[in-house]
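Asks: got a predicted structure plus its sequence, pasted below:
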Amino acid sequence: MSELDDLGTRHKALLRELEDLKPKLHAAMRAGRHAGMTQRELMERSGYKTIQQVRSITGEANAATGRPAGV
């Protein structure tokens, strides 16, 4: 079980690190979008896998439905 414990501890630490990183990454993505980067560029450079994830982070997810963000 030592390997399981070691891997579990590492996994938990990485999840905590990711949670600390996300707000900074999301702010940088919003700034990039404001500066004219495409959603695809943001997806590729940020490591997110879908445009929909980028749209959600940049606040553009509801733009196609005509609903204001957050509704």
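Replies: Yep, that arrived.
Asks: from residue 54, how far off is residue 11?
Replies: Distance, residue 11 to residue 54, by Cβ to Cβ, to the nearest Å: 26 Å. In this view, the C-beta of every residue, glycine as well, is placed from N, C-alpha and C.
Asks: looking at these two, which one has more neighbours?
Replies: Per other Cβ atoms under 10 Å, whichever of residue 11 and residue 54 has more neighbours is residue 54, with 24 against 10.
Asks: would you confirm that that one contacts residue 29?
Replies: Yes. The pair residue 54 and residue 29 passes the contact test of Cβ atoms under 8 Å, sitting 6.9 Å apart.
Asks: and the host helix or strand of residue 41, what's buried?
Replies: Secondary structure assignment for residue 41, by DSSP states H and E: helix 39-46. By 16 or more other Cβ atoms under 10 Å, the buried positions in helix 39-46 come out as 39, 42-43, 46.
Asks: mean confidence for stretch 13-27?
Replies: Confidence for stretch 13-27, expressed as mean pLDDT, is 98.
Asks: not counting it itself, show me its contacts.
Replies: 46, 57 (Cβ atoms under 8 Å, 6 or more residues apart in numbering).
Asks: make residue 1 into 424 and carry on from there
Replies: Done: numbering now begins at 424, and the last item shifts to stretch 436-450.
Asks: centre of the chain to it, how far?
Replies: Centroid separation for stretch 436-450 versus its chain: 9 Å, with Cα atoms, centre = their mean, to the nearest Å.
Asks: swap in stretch 472-490?
Replies: With Cα atoms, centre = their mean, you get 12 Å for stretch 472-490.
Asks: and for stretch 441-461?
Replies: 8 Å.
Asks: show me where this protein has its helices.
Replies: 425-457, 462-469, 474-481 (DSSP state H).
Asks: for this protein, give me the ranges with low pLDDT.
Replies: The chain contains residues with pLDDT under 70 at 486-494.
Asks: now with 50, please.
Replies: Counting by pLDDT under 50, the low-confidence segments of the chain come to 494.
Asks: so residue 482 touches residue 457, yeah?
Replies: No. Judged on Cβ under 8 Å, residue 482 makes no contact with residue 457 at a distance of 10.6 Å.
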